[in-house]
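Asker: Need a 3D model of the following:
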Amino acid sequence: MWTAQFVSNIGGWMQTVGAQWLMLSLTTAAAPVALIQTASSLPVLLFAVPAGAVGDLVDRRRFLLVAQTFMLLAAFALGALALAGLVTPVVLLALVFALGAGQAWTSPTWQTLQPELVPAAERPQAIALGSVNMNLSRAVGPAIGGLLVAATSVGSVFVINAASFLAVIAVIWRWHGGGRRRGALASEHVGEAIRAGGRYVAASPALRVVLLRAALFVFFASSIWALLPLTARSELHLGSGGYGLLLGCVGVGAVAGAALLPRLRTRMTPGTMLSTGSIIVGALALVLAYVHVTALVGVALALGGTAWILVLSTLNSVYQSSLPGWVKARGMGFYLIVFQGGNAIGSAAMGLAAGQAGLSPTLLAAAIGLALGPLVGLRFPLKSLEPEELLPAGDWPMPQLVSEDASGGPVMVSVEYWPRVGLEDGLLQALHDARWSRRRTGAVSWRVWRDSAEPRHFVEQFVVASWQEHLRQHERVSVRDQERLERIRAMTEPGKPAVVTHWIAPRQPLGDAAQATPAAAGAAPRRRADRPPIGP
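Answerer: Sure, this is the predicted structure:
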């Protein structure tokens, strides 16, 4: 799979060079050239989250085959039109967008797939090797693409890219894994899966920090890749072959960064590696802004490639290590929205800024922006989780619904606690800390109450969208969640165990609708005191 992806990525980088150079031949304005980057990244904003949800629910092998076939057809259409001389700026952007759409549907599933093929201890390095794949191909693809554009035509490069998808299709066809995940419960609908993934990401402080740092970095770093074609042509006076070699310098630096990565992990924290990489990429932006010596720019790009791989592997590995298996692909969809969407928006913004203010001032602004990342890191540090913490608890009993009359409606769960003397404040704080667990696993709202007549009597209350979703909530309880709830249990009075009550809204009898009063139509509780002491 890694080798097939490498072949396809080489074709992708060849196409990037060809598309940017073709756009330069169609127009010399800065904005359309920068929009090539936007057209390839913007589909992530539209499709990454639904693609992740689908990847979590369906047979991943078939899903990847369909997506890769679509990309092959789009790339071949672009090549055929280019060879016929029928490509306009609008047609070029439309087909680049189509290829980006195929990539957006593929990426969430693909990025979670390869780390699953190695033992858990090796997954961070497997994730890093996925980033290396992209950047190693960057060292080869652009140079080949630039030479082919100079020697033959842009259309030939596009046709070769179409053929490169055959390598991925062949490997996926022969692979017999990736079947649909089976569970005790019926599969979620796509809309439910998207909402569940969104709740998990929103209720995870660790994931939110990664997304914040990724957004700050990629918005400003996108200026380098978006404006590099203009820098190569207008400031360094290079042709397509020279531009391909500049991108090759980035790939060489990325390979060097991958070789250094295992050693750096033993000496630097993820936060330190991320901040160091941001500063180096910011320095690269300054070099591109004010240094117009090709050899020096090539060296700076190699160092920037090393920093790029440090940043990408750190962000990706920390993010994936914070996701449990049931939400892995859709969680990666949100990551790709922030990263690739930030790349698309940043490229467009920097292209427009360069058209108005010029290349050097725009790149200077990007360098200043990249320096903000380490400062934000002082306030919001990265937090890594151990894989064992996210495993399913496994022994969490399922609640039973006595009546099926409201199985499709919302469920309100209340848990009553009587803390030990002197531990009231500690229990209250522990409950507030546990609210993230409730929300990540399915709660749409959460609150804790204190009895006004009995200050040592607390009630935790949260609402889940449906009974089926509440059952899934039990399946999603992780080892980390269980340990947190066990700490809460240890703070309660031994003689007064927590009491769980499930409240449901029963259907109103059709014949009584006209005579129903507010009291008669009120919800009735289903008290389940025999549930696990503090389970949801």
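
Asker: now stretch 238-250, how far from the centre of its chain.
Answerer: Remark: stretch 238-250 is offset 30 Å from the chain centroid, using Cα atoms, centre = their mean, to the nearest Å.

Asker: and Glu483, how many neighbours does it have?
Answerer: 11 (other Cβ atoms under 10 Å). Any C-beta I mention is one placed from the backbone N, CA and C, and that applies to glycine too.

Asker: Renumber starting at 47 from here on
Answerer: I'll keep to 47 as the first residue from here, and by that count the last item is Glu529.

Asker: Which helix or strand contains it?
Answerer: helix 525-536 (DSSP states H and E).

Asker: what's the average pLDDT for that helix?
Answerer: In this model, helix 525-536 carries a mean pLDDT of 88.

Asker: Low-confidence stretches in the stretch 297-446 of the chain?
Answerer: Scanning the stretch 297-446 of the chain for pLDDT under 70 picks out the ranges 440-444, 446.

Asker: just so I have it, where are all the strands in it?
Answerer: In order along the chain, the stretch 297-446 of the chain carries no strands (DSSP state E, counting those that start in this stretch).

Asker: just checking, what packs against the helix or strand just after the helix holding Glu529?
Answerer: Counting by DSSP H and E, the next helix or strand C-terminal to helix 525-536 is strand 545-550. Strand 545-550 is packed against strand 457-463, strand 570-573, with contacts defined by 3 or more Cβ pairs under 8 Å, 6 or more residues apart in numbering; DSSP states H and E.

Asker: The helix or strand just after the first one packs against which elements?
Answerer: The one in question is strand 457-463. Next in sequence after strand 457-463, counting helices and strands by DSSP H and E, comes helix 470-487. Counting contacts by 3+ Cβ pairs under 8 Å, 6+ apart, helix 470-487 packs against helix 236-248, strand 489-496, strand 504-510, helix 525-536.

Asker: gap between the third one and the chain center?
Answerer: What separates the centre of strand 504-510 from the centre of its chain is 30 Å, taken as Cα atoms, centre = their mean.

Asker: sorry, back to before: out of the helices and strands packed on strand 545-550, name the one with the poorest average pLDDT.
Answerer: Across the helices and strands packed on strand 545-550, the lowest-scoring stretch is strand 570-573, with a mean of 45.

Asker: on that earlier part again, make JSON lines from the helices and strands packed on helix 470-487 and add distance to Leu428 to it.
Answerer: Shown next, in JSON lines, are the helices and strands packed on helix 470-487 (distance: least, Cβ to Cβ, whole Å):
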{"stretch": "helix 236-248", "distance to Leu428": "16"}
{"stretch": "strand 489-496", "distance to Leu428": "26"}
{"stretch": "strand 504-510", "distance to Leu428": "28"}
{"stretch": "helix 525-536", "distance to Leu428": "17"}
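
Asker: Let me see the contact set for the closest residue to Arg241 other than its chain neighbours.
Answerer: Distances taken as Cβ to Cβ, 6 or more residues apart in numbering place Ala511 nearest to Arg241, at 7.8 Å, with adjacent residues excluded. Neighbouring residues of Ala511 by Cβ atoms under 8 Å, 6 or more residues apart in numbering: Glu238, Arg241, Pro456, Val457, Gly488, Val490.

Asker: Could you work out the most separated pair of those?
Answerer: Arg241 and Val457 (15.4 Å; Cβ to Cβ).

Asker: who touches the helix holding Glu529?
Answerer: 431, 434-439, 442, 463, 473, 476-477, 479-480, 483, 486-487, 544, 579-581.

Asker: Repeat the analysis, applying 7 Å as the threshold.
Answerer: For helix 525-536, contacts defined as Cβ atoms under 7 Å, 6 or more residues apart in numbering pick out 434-437, 439, 473, 476-477, 479-480, 483, 579-580.

Asker: among the residues you listed, who's most crowded?
Answerer: The most crowded member of the contacts of helix 525-536, judged by other Cβ under 10 Å, is Leu477 (24 neighbours).

Asker: Let me know how buried the closest residue to it other than its chain neighbours is, in neighbour terms.
Answerer: In this structure, Leu477 finds its nearest non-sequential neighbour in Val494, 5.0 Å apart by Cβ to Cβ, 6+ apart. When neighbours are counted by other Cβ under 10 Å, Val494 registers 17.

Asker: same thing with Leu431?
Answerer: Leu431: 17 neighbours (other Cβ under 10 Å).

Asker: what do you get for Ser280?
Answerer: 14.

Asker: Could you do Val490 as well?
Answerer: 14.

Asker: if we can go back for a sec, now, of the contacts of Ala511, which are buried?
Answerer: Glu238, Arg241, Pro456, Val457, Gly488 (16 or more other Cβ atoms under 10 Å).

Asker: Return the member of the residues you listed nearest to Trp354.
Answerer: Within these, the smallest distance to Trp354 is 33.7 Å, found for Arg241 (Cβ to Cβ).

Asker: Quick one: closest of the helices and strands packed on helix 470-487 to Trp549.
Answerer: Smallest distance to Trp549 across these (Cβ to Cβ): 9.0 Å, for strand 504-510.

Asker: partners of the closest one, with directions?
Answerer: Looking at strand 504-510 with DSSP bridges, its partner strands are strand 457-463 (antiparallel), strand 489-496 (antiparallel).

Asker: shaky segments in the stretch 447-582 of the chain?
Answerer: Ranges of the stretch 447-582 of the chain meeting pLDDT under 70: 447-454, 553-582.

Asker: re earlier: quick check: angle from the helix holding Glu529 to strand 504-510?
Answerer: Counting by axes from the mean of the first three to the mean of the last three Cα atoms, to 10 degrees, helix 525-536 points 150 degrees away from the direction of strand 504-510.

Asker: in helix 525-536, what counts as buried?
Answerer: So, applying 16+ other Cβ under 10 Å, buried residues of helix 525-536: Val525, Arg526, Asp527, Gln528, Arg530, Leu531, Ile534.

Asker: Report the spatially nearest residue to Leu129, omitting neighbours in sequence.
Answerer: Leu129 sits nearest to Gly201 (Cβ to Cβ, 6+ apart), 3.5 Å away.

Asker: State the number of residues packed around that neighbour.
Answerer: 20.

Asker: hang on, it packs against Ala128?
Answerer: Yes: counting by Cβ atoms under 7 Å, Ala128 is a contact partner of Gly201 at 3.5 Å.

Asker: can you list the domains in the protein?
Answerer: 48-434, 437-554+564-573 (automatic domain parsing).

Asker: Of the ones you listed, flag the one that's most buried.
Answerer: domain 48-434 (a mean of 20; mean count of other Cβ atoms under 10 Å).

Asker: Many thanks, we can stop here.
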